[in-house]
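Visitor: Generate a structure from the sequence data that follows.
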Amino acid sequence: MSKLGCICGHVIRDQTNNIPYKARFIRDQDYEGFYAYTDDIAAFIAAIEAGQRTEWIRRYFSNSYPTDLPNASIVNDIASSYEVDYEGGLYQCENCGRVKIQVQDKNSFASFTPEDENFPDIFKRFKE
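Guide: Numbers count the residues shown, from 1 in each chain. Below is the predicted model:
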């Protein structure tokens, strides 16, 4: 997503990283499924230890996936694939404070209005 319109007329932009009005979430019912990526990482480590790294990569990803990447890149790709499958997006309008919540895995968002003005930066990092 690069732009999302709010009913107040403001355009919410998502064109970079580290955005203070953006968050990601995992639905509670998907929590265990999301963390299954650790099983895939453990299987990758076992394949490395067994001398079957290339074969495992080709089975897990595809024959066209590069097998000469560093192990850390492959682990990141494993985890990223689960993020794509399980994470949803949240945005807070900087103008009116409405929270936009991604509906399932669609490029569609439900909008919720805060009951008060006490949380204008609800997704902003609180630990620096």
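
Visitor: Quick check: closest non-adjacent residue to residue 110.
Guide: The spatially closest residue to residue 110, leaving aside those adjacent along the chain, is residue 101, at 5.1 Å (CB to CB, 6 or more residues apart in numbering). All C-beta spots, glycine's among them, are computed from the backbone N, C-alpha and C.

Visitor: and the strand or helix carrying the one you found, what other elements does it pack with?
Guide: When secondary structure is defined by DSSP states H and E, residue 101 falls within strand 99-102. Packed against strand 99-102, as judged by 3 or more CB pairs under 8 Å, 6 or more residues apart in numbering; DSSP states H and E, are the following elements: strand 87-92, strand 109-112.

Visitor: isn't the residue nearest to residue 110 right up against residue 90?
Guide: Yes: in terms of CB atoms under 8 Å, residue 101 counts as a neighbour of residue 90; the distance is 5.7 Å.

Visitor: Buried residues, the strand holding residue 101. List them.
Guide: Going by neighbour count (16 or more other CB atoms under 10 Å), the buried part of strand 99-102 is 99, 100, 102.

Visitor: how about a markdown table for these, with pLDDT and distance to residue 47 added?
Guide: What follows is these, written out as a markdown table (pLDDT from 0 to 100; distance: CB to CB, whole Å):
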| residue | pLDDT | distance to residue 47 |
| --- | --- | --- |
| 99 | 94 | 42 |
| 100 | 95 | 41 |
| 102 | 91 | 34 |
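
Visitor: Closest one of those residues to residue 112?
Guide: residue 99 (4.8 Å; CB to CB).

Visitor: which stretches of the chain form helices?
Guide: Shown for the chain, the helices assigned by DSSP state H span residues 31-34, 37-49, 53-60, 71-86.

Visitor: any weak-confidence spans in the protein?
Guide: In the predicted model of the chain, residues 1, 127-128 satisfy pLDDT under 70.

Visitor: about what we covered before: please report how far the residue nearest to residue 110 lies from residue 108.
Guide: 10 Å (CB to CB, to the nearest Å).
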